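Visitor: Have a look at this prediction, sequence included:
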There are 2 protein chains.
Amino acid sequence: MPDTPDKPSSRRAFLTAGAAAGGAMLTAGPARAGDPAITEMQPWRRNLGDPIDDALYGMPSPFEADVIRGRVEWLTPDAYTAINFTPLHELDGIITPNGLCFQRSHAGAAQVDPAKYRLMINGLVERPLVFTLQDLQRFPRENRTYFLECAANSGMEWRGVQMDGVQFTHGMIHNVEYTGVPLRSLLEEAGVKTAGKWLLAEGSDAAAMSRSIPLEKALDDCLVAFNMNGEALRPEQGYPVRLVVPGWEGNMWVKWLRRIEVGDKPWHHREETSKYSDLMADGRTRRFTWEMDAKSVITSPSPQAPVLHGKGPLVVSGLAWSGRGTIPQVDITLDGGINWVKARLSGPSFDKSLHRFYYEFDWDGRPLLLQSRAHDSTGYVQPTKEALRKLRGVNSNYHNNGIQTWHLQSDGRVENVEVS
Amino acid sequence: MPDTPDKPSSRRAFLTAGAAAGGAMLTAGPARAGDPAITEMQPWRRNLGDPIDDALYGMPSPFEADVIRGRVEWLTPDAYTAINFTPLHELDGIITPNGLCFQRSHAGAAQVDPAKYRLMINGLVERPLVFTLQDLQRFPRENRTYFLECAANSGMEWRGVQMDGVQFTHGMIHNVEYTGVPLRSLLEEAGVKTAGKWLLAEGSDAAAMSRSIPLEKALDDCLVAFNMNGEALRPEQGYPVRLVVPGWEGNMWVKWLRRIEVGDKPWHHREETSKYSDLMADGRTRRFTWEMDAKSVITSPSPQAPVLHGKGPLVVSGLAWSGRGTIPQVDITLDGGINWVKARLSGPSFDKSLHRFYYEFDWDGRPLLLQSRAHDSTGYVQPTKEALRKLRGVNSNYHNNGIQTWHLQSDGRVENVEVS
């Protein structure tokens, strides 16, 4: 083992290791004397760069052209109902940039004209209301950062498909700063009648996606959002207005939000019965499975992010999250779960938001079985896939928050494996 | 005055006002019965939206095509040395999306090949070192959100130019989450000699931008960053590596970072003498003016974001920041500084990061003189422009953190004005 269990590398130890393994890691100036990247004048030092006019809305470097959302051809019937996976292996920190946010649509990405956008609140209310976008923007706003995870994230791993990369095992997730109006404010404006206990949230795209949401959640922390990471929502994320249902499965975050109906019981519409319901081993359905359980994954190294630099100092980077609160602790194992050490968290710890963790150590080049395990603020600990299957069987693709294993091989390649 | 000074509108008061002024603000369902946006079937409800394949790297809605960085033709000689201003009037929250981040280049945006990227540390060090990008990514990383503000932000207002919009008065600023390695770690790896007190940071573009930075700051909170808002740095922000110098003027955040030389005194290079130095009334230069003083501005309403909805509930939104810490308080005045009330802060309060504030009230349609005033965590209070001019004269364009006034007229239009 490259590190003593329960005694994680300190930064100082890491740096000392780095200095000691200098040959492998860093090369002093003179030793790089023949390096053409130094001796040859590079074009960006000789010539002017790109003019400013080319970047009035900026794009990534051409050298990052392969950092894009990914699609799995066999997974969905066509490009209108398909899934775009976030390239988690290429990202760091906790914010997902808007251009790379996971999306799942049921009838393609609607292009809604904001001037013709309307939101209706009807049903068991004192005053049925119709809001324009401008009306919504006259209520007091909040700014909060939340993860959105699809209920089917990691679903293909339930029965051991072993997708070839964290983008496809865990990439149905993103994490952005939302600006919006508390749904509570709009419901207070309409006046919910005493009998009102449930909401139906309905989208204005051709699929008219709709989900039942208990009033208690709506009054707690839901937002009617119009901005993400500062700018207007992206079309595929529900422009101009989406519902934000913090910590709950992504399909409830209705995009292109058109209508909120207040009722006295759940509707049991198509997308909450034939889809997005979890079949148990005995054929019965778990009800309701809204909250996303605590989960974590190592994003690098991973099958799409192999170790290219050989042995010596290695940075393990990953994400952890919980639909029930914050993440005070993440554990790491290098030997498939025999010994565990604490990872280092870096960056903000927001409620129901991604957390970034790291673990730095001096890799001796031997094969490893890398896993991470999240603890959330309720005391819940992320389970193994085996424990989940024992509890729930394998009829459902949803809500797989089991521990993921990456097999780091001596040559630096990484495989998706299962350990028992 | 629409609100009692020192007694800001509560949310409840706001909502009551909204309900009372229902005719002006919200229209109940039946009253919108003839609204064609409701009665006519919209194309996005009838037809499939865009296919997923079109958005492997996503872009904003076509309806947001005018939300772009702005350029002022007369300000700089050509498009290679020009300035792209952040459209602050269109944004909310604290994160600036990467595509809209302010940029200033001295020789265009360099397109650096990351495989040929090298960072040298030389001068008064035990071991001169050359790092590849991969070398840098083997050190422990940090994630922190910081504002970057150009020293010349609001500079044109010193002598009262009164630019027509917050994008041009205050848009030389952005705020993103950085992932990078503490500069301290790299300096420890090289071993700074006892005589080493200053650094020269040099860029690898054709302008070879260079700035002197005291060692104390470098060891404190500077980062050698490679990601912004999760993804790789954008080319115009220094891809693949830039220096992050939290709270200090933007030109010190050297882009396309090529070299760090350790020395025993400041270099007084071109970009810290002929440029980016503040001439006083008597012709002498203030030295050194690195830290960005506490500042704030109302982003909406503002000249580019007029009030289109007439009187009634109005949301004032703005930004506040300090190069010396956090912002515990922002004040708002509606009458040009006679009466002040506290604004409401919403969103994270990070060290040396933008803070978002709001003030909601019921506008009676009378003209207003809107101002905001930031207090930072050191107790410093943002001054008036008049006070700054008295202190420093009008020879310099730099470090104008004076209070900005917007004149909201009865018809909803907003002008950039000065009050004395």
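Guide: Now that the structure is in, tell me what you want to look at.
Visitor: ok, for the residue nearest the centre of chain A, nearest residue in space, not its chain neighbours?
Guide: Centroid-nearest residue in chain A, with C-alpha atoms, centre = their mean: residue A:173, separated by 2.5 Å. Taking C-beta to C-beta, 6 or more residues apart in numbering or on different chains, and ignoring the residues beside it in sequence, residue A:173 has residue A:149 as its nearest neighbour in space, at 4.3 Å. Quick note: C-beta positions are derived from backbone N, CA and C, even for glycine.
Visitor: Just confirm the one you found contacts residue A:291, I think it does.
Guide: No. Here residue A:149 does not reach residue A:291: they are 10.6 Å apart, not a contact under C-beta atoms under 8 Å.
Visitor: so which helix or strand takes in residue A:135?
Guide: helix A:133-136 (DSSP states H and E).
Visitor: before we move on, back to that, the more surrounded of residue A:149 and residue A:291?
Guide: Legend: neighbour count by other C-beta atoms under 10 Å in any protein chain shown for residue A:149 and residue A:291, higher for residue A:149 (27 against 15).
Visitor: Quick check: whatever residue of the stretch 251-400 of chain A ends up closest to chain B vs residue A:180, distance?
Guide: Per C-beta to the nearest C-beta, residue A:347 is where the stretch 251-400 of chain A lies closest to chain B, at 3.5 Å. Separation of residue A:347 from residue A:180 (C-beta to C-beta, to the nearest Å) stands at 23 Å.
Visitor: coming back round to it: ok, and for the helix holding residue A:135, which residues are buried?
Guide: The neighbour-count check on helix A:133-136 (16 or more other C-beta atoms under 10 Å in any protein chain shown) flags A:133, A:135-136 as buried.
Visitor: List the neighbouring strands of the helix or strand just after that helix plus their orientation.
Guide: Going down the chain from helix A:133-136, the next helix or strand is strand A:142-149, by DSSP H and E. With DSSP bridges as the test, strand A:142-149 is paired with strand A:173-182 (antiparallel).
Visitor: could you give the mean pLDDT of the partner strand?
Guide: Averaging pLDDT along strand A:173-182 gives 98.
Visitor: okay, it in CSV with CA atoms only?
Guide: Once non-C-alpha atoms are left out, strand A:173-182 reads as follows in CSV (Å, rounded to 0.1, in the frame of the first residue of the first chain):
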residue,chain,number,x,y,z
ILE,A,173,-25.5,15.2,-12.9
HIS,A,174,-24.6,18.8,-12.9
ASN,A,175,-24.2,21.5,-10.3
VAL,A,176,-24.9,25.2,-10.9
GLU,A,177,-25.8,28.4,-9.1
TYR,A,178,-29.5,29.2,-9.7
THR,A,179,-31.2,32.6,-9.4
GLY,A,180,-34.9,32.3,-9.0
VAL,A,181,-38.0,33.1,-6.9
PRO,A,182,-39.0,30.8,-4.1
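Visitor: Need the residues that contact whichever helix or strand comes after that strand.
Guide: Helices and strands here follow DSSP H and E; after strand A:173-182, the next one along the chain is helix A:183-190. Defining contact as C-beta atoms under 8 Å, 6 or more residues apart in numbering or on different chains, one finds that helix A:183-190 is touched by A:119, A:121, A:125-129, A:131, A:136, A:139-140, A:215, A:218-220, A:222-224, A:243, A:260, A:262, B:11, B:15, B:18-19, B:26.
Visitor: Among these, which are located in strands?
Guide: Using DSSP state E, A:119, A:121, A:129, A:131, A:223-224, A:243, A:260, A:262 are the members of the contacts of helix A:183-190 that sit in strands.
Visitor: Identify, from the residues you listed, the entry nearest to chain B.
Guide: residue A:129 (5.7 Å).
Visitor: Can you report how many residues neighbour that closest one?
Guide: Residue A:129, neighbours per other C-beta under 10 Å, totals 24.
Visitor: any idea of the pLDDT on it?
Guide: 95.
Visitor: That one bridge partners, please.
Guide: According to DSSP bridges, beta-bridge pairing links residue A:129 with residue A:121, residue B:28.
Visitor: coming back round to it: buried ones among the contacts of helix A:183-190?
Guide: By neighbour count, with 16+ other C-beta under 10 Å, these hold A:119, A:121, A:125, A:128-129, A:131, A:136, A:139-140, A:215, A:218, A:222-224, A:243, A:260, A:262, B:15, B:18-19, B:26 as buried.
Visitor: Next, residue A:314: phi, psi?
Guide: Main-chain dihedrals, residue A:314, degrees, to the nearest 10: phi -130, psi 130.
Visitor: what about it, how many neighbours?
Guide: Neighbours of residue A:314 (other C-beta under 10 Å): 22.
Visitor: from what I can see it touches residue A:366, true?
Guide: No. Counting by C-beta under 8 Å, residue A:314 stays clear of residue A:366, with 11.9 Å between them.
Visitor: Quick check, residue A:173 in contact with residue A:151.
Guide: No. The criterion here is C-beta under 8 Å, and residue A:173 misses it with residue A:151 at 11.1 Å.
Visitor: Low-confidence ranges, chain A, go.
Guide: Filtered on pLDDT under 70, chain A yields the residue ranges A:1-31, A:33.
Visitor: Residue A:313 pairs with what?
Guide: Beta-bridge partners of residue A:313, as defined by DSSP bridges: residue A:362.
Visitor: May I ask which helix or strand encompasses residue A:169?
Guide: Per DSSP H and E: helix A:166-170 holds residue A:169.
Visitor: Quickly note the distance from residue A:314 to residue B:123.
Guide: In terms of C-beta to C-beta, residue A:314 sits 30 Å off from residue B:123.
Visitor: Also residue A:295?
Guide: 47 Å.
Visitor: now do residue A:243
Guide: Distance, residue A:243 to residue B:123, using C-beta to C-beta: 56 Å.
Visitor: Please apply the same query to residue A:230.
Guide: Residue A:230 sits 39 Å away from residue B:123, taking C-beta to C-beta as the criterion.
Visitor: Looking at those two, which one has more neighbours?
Guide: Neighbours per residue (other C-beta under 10 Å) separate residue A:230 from residue B:123, with residue A:230 holding more: 30 against 20.
Visitor: And the more buried one, how close does it get to residue A:82?
Guide: In this view, residue A:230 and residue A:82 are 27 Å apart by C-beta to C-beta.
Visitor: what about residue A:305, how many neighbours?
Guide: Using other C-beta under 10 Å, residue A:305 has 20 neighbouring residues.
Visitor: So it is in contact with residue A:299, correct?
Guide: Yes. Contact criterion C-beta under 8 Å: residue A:305 and residue A:299 qualify, at 7.1 Å.
Visitor: does the helix holding residue A:135 come close to chain B?
Guide: Yes. Counting by C-beta under 8 Å from any C-beta of the partner chain, chain B is contacted by helix A:133-136 at A:134-135.
Visitor: what does that helix contact?
Guide: Residues from elsewhere that reach helix A:133-136 (C-beta under 8 Å, 6+ apart): A:114, A:117, A:119, A:181, A:186, A:224, A:226, A:240-241, B:25-26, B:308-309.
Visitor: give me that answer again for 7 Å
Guide: The contact list for helix A:133-136, computed with C-beta atoms under 7 Å, 6 or more residues apart in numbering or on different chains, reads A:114, A:117, A:119, A:181, A:224, A:226, A:240-241, B:25-26, B:308-309.
Visitor: Going by neighbour count, which of those comes out on top?
Guide: That'd be residue A:241 among the contacts of helix A:133-136, by other C-beta under 10 Å, with 27 neighbours.
Visitor: Can you show me the helices along chain A?
Guide: Using DSSP state H, the helices of chain A run over A:11-20, A:22-25, A:36-39, A:43-46, A:133-136, A:166-170, A:183-190, A:215-220, A:385-392.
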